[in-house]
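Peer 1: pasting a predicted model and its sequence here:
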Amino acid sequence: MADLSVDLGFLKLKNPVIAASGTFGYGLEFQPLYDLNLLGGFVVKGLYFGPREGNPPPRLAETPCGLINSIGLQGIGVEAFCREVLPPLASLKTALIANICGEDEDEYARVAEYLSQYKGLAALELNISCPNVREGGKCPAQGTEATYRTVKRVRQASSLPLITKLSPNVTDIISIALAAEEAGSQAISLVNTFLALAIDLETRKPKLGHVLGGLSGPAIKPLALRMVFEASRKIKIPVIGLGGIFSAQDALEFMVAGASAVEVGTANFVNPYACPEIIKGMENWADQNGIKRINEIVGTLRV
Ligand code: SIN
């Protein structure tokens, strides 16, 4: 049987499949469905310091080939997370990753510092790329300087491994990825959602309460693959690829493009068993193709 384990340098995963933030709750919601220890890891919903209600409804709009969300980073905040959620999850034998948010660099640092006091987290995923929270403004991941400053600040606030989640809503993903690397991020996750609009023709109103939202799902897979390919060739730190991964084949394509691991997001809404099924499918593909270690295929696109 193929060895599916991958080593990100700062973190060893038993397989490359990580459930993506915002599609997997706090993990506890999926526990009745399957053994979370099957996963390479999972990322919990974004955490600010305090609780947040998120954006006004409607917050989801389906499209023919994807989903637009405008949740607005609703969450329970770090104190409730560490008190109520972390204890039951801390004994899991899978990588538990906290997605962290902030209104400004100070809050990002406070969240990172607070979480670092607790045992059980394998890494932080720095969310500087949510398209739904800054009214008319840019998220930090849309600028090289803001990316650099935020990563650097969080890097100084916590000794936990740091994965920076980048936005696809940029013209030059390479410069942003390089800024995250230079500031001390140990990996990047790529991509968050694409800024999008859904319209109700009858009312001529936007379908989402927040007007714009972020598009995920199969529609964005080729766009995400391109960005993973471009960024992974220019930076030394590992890339965790995501964007429309619904099958083992999708996940393997991301690895061939240059991703060392993958995150599965929207697929969890369609099929809550998507992650374990993708892991099994990757194992079967590796066995059928004589691949002994799955990490052999990373970045092997023949161009
Ligand atoms: C949201 O909560 O609005 C989505 C989270 C994200 O895109 O980072």
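Peer 2: Sure, I can see it. Numbers count the residues shown, from 1 in each chain.
Peer 1: element containing the residue lying farthest from the centre of the chain, please.
Peer 2: The C-alpha centroid of the chain is most remote from Glu202, which lies 35.0 Å away (Cα atoms, centre = their mean). Using DSSP states H and E, Glu202 maps to neither a helix nor a strand.
Peer 1: quick check: the gap between it and the ligand.
Peer 2: Taking Cβ to the nearest ligand atom, to the nearest Å as the measure, Glu202 and the ligand are separated by 26 Å. For the C-beta atoms, the positions are set from N, CA and C on the backbone; glycine is no exception.
Peer 1: quick one: that residue and Pro64, what's the gap?
Peer 2: Distance of Glu202 to Pro64, computed by Cβ to Cβ, to the nearest Å: 18 Å.
Peer 1: tell me the pLDDT at the residue farthest from the centre of the chain?
Peer 2: Here, the pLDDT recorded for Glu202 equals 98.
Peer 1: and if you look at Lys221?
Peer 2: On the pLDDT scale, Lys221 is placed at 98.
Peer 1: what sits against whichever residue of the stretch 201-303 of the chain sits closest to the ligand?
Peer 2: Nearest residue of the stretch 201-303 of the chain to the ligand: Gly214, at 4.9 Å (Cβ to the nearest ligand atom). Neighbour list for Gly214: 68-70, 130-132, 192-196 [criterion: Cβ atoms under 8 Å, 6 or more residues apart in numbering].
Peer 1: wait, is it part of a strand?
Peer 2: Yes - with DSSP: H, G, I helix; E, B strand; the rest coil as the criterion, Gly214 is part of a strand.
Peer 1: which parts of the stretch 51-200 of the chain sit against the ligand?
Peer 2: Residues of the stretch 51-200 of the chain lying close to the ligand by Cβ under 6 Å from any ligand atom are 69-73, 127, 130, 132, 192-193.
Peer 1: again, but for the stretch 201-303 of the chain
Peer 2: Listed as neighbours of the ligand in the stretch 201-303 of the chain under the rule Cβ under 6 Å from any ligand atom: Gly214.
Peer 1: now the strands for the stretch 201-303 of the chain?
Peer 2: Counting by DSSP state E, counting those that start in this stretch, the stretch 201-303 of the chain has strands at residues 205-206, 212-216, 239-241, 261-264.
Peer 1: can you check which of those strands gets nearest to Ile176?
Peer 2: For Ile176, the closest of those is strand 239-241, at 12.4 Å, according to Cβ to Cβ.
Peer 1: strand partners (parallel or antiparallel) of that closest one?
Peer 2: strand 187-190 (parallel), strand 261-264 (parallel) (DSSP bridges).
Peer 1: to Gly22, which of those strands lies closest?
Peer 2: Nearest to Gly22, of all those, is strand 261-264, at 10.3 Å by Cβ to Cβ.
Peer 1: now that closest one, how far from the centre of its chain.
Peer 2: 8 Å (Cα atoms, centre = their mean, to the nearest Å).
Peer 1: what are the contacting residues of it?
Peer 2: Strand 261-264 is touched from outside by 6, 8, 13, 16-21, 23, 40, 43, 189, 238, 240-242, 245-246, 251, 254-255, 274-275, 278, with contacts defined as Cβ under 8 Å, 6+ apart.
Peer 1: swap in stretch 179-188?
Peer 2: Contacts for stretch 179-188 (Cβ under 8 Å, 6+ apart): 8-10, 123, 126, 144-145, 147-152, 155, 161-166, 177, 231, 235-240, 260.
Peer 1: residues of that stretch that come out buried?
Peer 2: 179-181, 183, 185-188 (16 or more other Cβ atoms under 10 Å).
Peer 1: do stretch 209-221 as well
Peer 2: 210, 212-221.
Peer 1: again, but for stretch 82-93
Peer 2: By neighbour count with 16+ other Cβ under 10 Å, stretch 82-93 contains the buried residues 82, 85-86, 89, 92.
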